[in-house]
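**Q** sequence unavailable; structure follows:
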């Protein structure tokens, strides 16, 4: 049959398709023989069209699409497939030979086209891949595809931070510094078109610069208010009421603000809330509705207005001290669940100097959460203004050693704990345990738990308070209790210790006698490890290779052996681009930043004991 193509709304960058591996596999399976197809929905800009385009690549597929301009024209979406005048019954008969039909922007279909798609689903002869935007008004015939259970539905969630990082690596051609990744991910909020626009504008302004002595690029400074960004934020920037604009600007420089602040007029807040520009959080504080709004308002404010609204240095210092105290309180109570730090993030993003005391605590909080590369970035922010600050140097050394960055760790090691992790990174676990006794920058509970992470739980099991999460980990490891380690891992994860939880699950793999339980622990450990920004610790060694597809394992093994993409392509009879795409997907699954981490990751782990 003839294949009718339509230009797809893809990212159309030099970026390969990255991430969404599980979703891609699900869509492809849904289009197999004997399957009816699938509906893919998600927020605007989340990559739905890019996903389905990848899913049907190389297949004999007819394509149609709805558009706002043709919603009142019968069968407009099918105009290239049907005669000029046609009835619904005749249209169904004419399309009987179409085995696979991609329906893009189905929420914009005219009623006749929507009815035709519904009838094709009922007849079941044509496999349907239907794409629609969540929350947008859609013809009833379209929504009945999934509410009437004619087709399964995949709701596409925003691209996670880890996969966004890999997409940015592919787009930029090299790694971005973690705080820059966080900033872009937060501003775009899952909208990949907005992500592309932000990155393009930053690069055009020359604001994306290389960090000395590294391959990473960093973005600091205000958000560039391009024509596209101005159009996106027009409801915000074009407010004609001076009092409303003043309220929005105050929030941009000081959000969140409590509702009882004297300068906030409730009637103005009600109007802004009804227009979707602000929201009230669970604590009753007022926030701007989108993370992009504050940076755009600050960038558009002008110097004098910004100086008036930004507050004095003393006020900013007090806000940072409040955030520091909140972070320290969480650490002291072994609870590092996500905590908002808007002032510190704002100042860091826009290149303002950060006190070393704040940066060190922020780095420690990130490290304990398993956000190792982020911890290194925060430590470096503190060292910019205080190059010899001991606390920042310790945090940089600890995070670097646990990612296998020996060069950085060797340059800043300052205490027993960082020396221990440097030894562990070199493969000397016994030396690491000895170094822990030489001195530590951690509190007693954290210091004792470091030995548990390195596989020596006995002393910690005796000394830690019996009702704590670290004690549960130590005691289960000392007993060789696989189920107990899994329970400890869940408790650690609940409190935000993602890396510790991954390590406990990985230790459970070796302790389980039931192979099925070991596989479950491995899967959980691998999923958590992927969120820990390239963590390379003894407990995780060789853990996640089994998470890859057979082709990915093959390519990763060759890359780890030192072969270039071209050499791998020649050996496996693949294109260089295909090899690169597989490597990017493998990096996402492995939590790796680049091929330098692959030799460690592909090391085989010891087999768990059989029953």
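**A** In hand now; what should we look at? This structure is a prediction, so every number in the text was calculated from the model and none was measured.
**Q** so which residues of the stretch 301-450 of the chain form helices?
**A** With DSSP state H, counting those that start in this stretch, the ranges of helices along the stretch 301-450 of the chain come out as 303-310, 313-332, 342-349, 356-368, 372-385, 390-402, 406-412, 416-425, 429-436, 444-453.
**Q** looking at those helices, spot the one closest to residue 266.
**A** Of all the helices of the stretch 301-450 of the chain, the one in closest proximity to residue 266, counting by CB to CB, is helix 303-310 (20.6 Å). In this view, the C-beta of every residue, glycine as well, is placed from N, C-alpha and C.
**Q** can you give me the buried ones in stretch 118-138?
**A** Neighbour counts using 16 or more other CB atoms under 10 Å place 118-121, 126-133, 138 of stretch 118-138 among the buried residues.
**Q** show the end-to-end separation of that stretch, please.
**A** 13 Å (CA to CA, to the nearest Å).
**Q** and if you look at stretch 83-97?
**A** End-to-end distance of stretch 83-97: 15 Å, with CA to CA as the criterion.
**Q** same deal with stretch 234-242?
**A** One end of stretch 234-242 to the other measures 15 Å (CA to CA).
**Q** where do the strands sit along the stretch 151-300 of the chain?
**A** Under the criterion DSSP state E, counting those that start in this stretch, the stretch 151-300 of the chain carries strands at the ranges 153-156, 208-210, 217-219, 257-258, 278-280, 285-288.
**Q** which residues does the second one contact?
**A** In other words, strand 208-210. Residues outside strand 208-210 that contact it (CB atoms under 8 Å, 6 or more residues apart in numbering) are 172, 180, 199, 202, 216, 217, 218, 219.
**Q** between those residues, which sits nearest residue 111?
**A** residue 199 (39.1 Å).
**Q** OK, contacts around the closest one?
**A** 168, 171, 172, 184, 208.
**Q** of all the residues you listed, the one with the weakest confidence?
**A** When these are compared on pLDDT, residue 171 comes out least confident, at 78.
**Q** against residue 156, how distant is it?
**A** Computed as CB to CB, to the nearest Å, the residue 171 to residue 156 distance reads 20 Å.
**Q** now do residue 365
**A** Per CB to CB, residue 365 is found 31 Å from residue 156.
**Q** okay, those two: which has more neighbours?
**A** In this view residue 365 and residue 156 are compared by other CB atoms under 10 Å, and residue 365 has more residues nearby, 25 against 20.
**Q** for the more buried one, which non-adjacent residue is closest in space?
**A** Closest residue in space to residue 365, ignoring its immediate chain neighbours: residue 327 at 4.8 Å, by CB to CB, 6 or more residues apart in numbering.
**Q** got the contact list for that neighbour?
**A** For residue 327, the contact set (CB under 8 Å, 6+ apart) comprises 339, 341, 361, 362, 364, 365.
**Q** select, out of the helices of the stretch 301-450 of the chain, the one closest to residue 55.
**A** Proximity of those to residue 55 was assessed by CB to CB; the nearest stretch is helix 372-385, lying at 31.6 Å.
**Q** list the buried ones in the closest one?
**A** Neighbour-count burial for helix 372-385 flags 372, 373, 374, 375, 376, 377, 378, 379, 380, 381, 382, 383 (criterion: 16+ other CB under 10 Å).
**Q** same list (the residues you listed) but as CSV, adding distance to residue 280 and pLDDT.
**A** Rendered in CSV, the data for those read as follows (distance: CB to CB, whole Å; pLDDT from 0 to 100):
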residue, distance to residue 280, pLDDT
372, 35, 95
373, 34, 93
374, 29, 95
375, 32, 96
376, 36, 95
377, 32, 94
378, 30, 96
379, 35, 96
380, 36, 94
381, 31, 94
382, 34, 95
383, 38, 95
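**Q** quick one: secondary structure of residue 128?
**A** Classification of residue 128 using DSSP: H, G, I helix; E, B strand; the rest coil returns strand.
**Q** tell me who's in contact with it.
**A** 36, 37, 38, 39, 101, 103, 117, 120, 121, 145, 151.
**Q** excluding chain neighbours, what is closest to it?
**A** Of all residues apart from its sequence neighbours, residue 37 sits closest to residue 128 (CB to CB, 6+ apart), at 3.8 Å.
**Q** the strands in the stretch 1-150 of the chain, which residues?
**A** Secondary structure of the stretch 1-150 of the chain (DSSP E, counting those that start in this stretch): strands located at 37-42, 62-65, 100-104, 127-133.
**Q** who's in contact with the third one?
**A** Spelled out, it's strand 100-104. The contact list for strand 100-104, computed with CB under 8 Å, 6+ apart, reads 6, 8-9, 31, 37, 49, 52, 56, 59-66, 77, 95, 109, 117, 120, 126-131.
**Q** for PyMOL, write a command that selects the buried ones of those residues.
**A** Only the buried members of these end up in this PyMOL selection, burial being decided by 16+ other CB under 10 Å:
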select buried, resi 8+9+31+37+49+52+56+61+62+63+64+65+66+77+95+109+117+120+126+127+128+129+130+131
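**Q** pLDDT weak spots in the chain?
**A** Per-residue confidence for the chain (pLDDT under 70) gives these ranges: 1-16, 261-263, 438-443, 542-548, 588-611.
**Q** domain map for it?
**A** Here the domain parsing of the chain from automatic domain parsing is 21-156, 161-221, 230-310, 545-590.
**Q** and the third one, end to end?
**A** Using CA to CA, the end-to-end distance of domain 230-310 comes out at 22 Å.
**Q** residue contacts, the residue lying closest to residue 383 once chain neighbours are set aside?
**A** Ranked by CB to CB, 6+ apart and with sequence neighbours excluded, the top spatial neighbour of residue 383 is residue 392, at 5.0 Å. In this structure, residue 392 makes contact with 356, 359, 360, 363, 379, 380, 382, 383, 386, judged by CB under 8 Å, 6+ apart.
**Q** so residue 18 touches residue 167, yeah?
**A** Yes. Because the distance of 4.7 Å satisfies CB atoms under 8 Å, residue 18 is recorded as touching residue 167.
**Q** who has more neighbours, those two?
**A** Taking neighbours as other CB under 10 Å, residue 18 and residue 167 compare with residue 167 leading, 29 against 24.
**Q** measure the more buried one to residue 44 for me?
**A** Distance, residue 167 to residue 44, using CB to CB: 17 Å.
**Q** residue 559 now?
**A** With distances taken as CB to CB, residue 559 is found 36 Å from residue 44.
**Q** more neighbours, these two?
**A** More crowded of residue 559 and residue 44, by other CB under 10 Å: residue 559, with 22 against 14.
**Q** ok, the residue of the chain positioned farthest from its centre to residue 383 distance?
**A** Distance from the C-alpha centroid of the chain peaks at residue 85, with 48.7 Å (CA atoms, centre = their mean). When distances are taken as CB to CB, residue 85 and residue 383 turn out to be 73 Å apart.
**Q** then residue 267?
**A** For residue 267 relative to residue 383 (CB to CB), the value is 48 Å.
**Q** then residue 540?
**A** As it turns out, when the distance is counted by CB to CB, residue 540 lies 27 Å from residue 383.
**Q** same question, residue 23
**A** 40 Å.
**Q** now what about stretch 437-457, what contacts it?
**A** Contacts of stretch 437-457 from elsewhere in the structure, counted by CB under 8 Å, 6+ apart, are 332, 334, 368, 391, 394, 414-421, 424, 429, 432-433, 436, 459-460, 463-465, 468, 470, 473-475, 477-478, 500, 503, 507, 537-539.
**Q** start to end distance for stretch 84-95?
**A** The straight-line separation of the ends of stretch 84-95 (CA to CA) is 15 Å.
**Q** no, scratch that, I was asking about stretch 258-268
**A** Using CA to CA, the end-to-end distance of stretch 258-268 comes out at 15 Å.
**Q** how far away from the center of its chain is it?
**A** When C-alpha coordinates are averaged (CA atoms, centre = their mean, to the nearest Å), stretch 258-268 and its chain have centres 35 Å apart.
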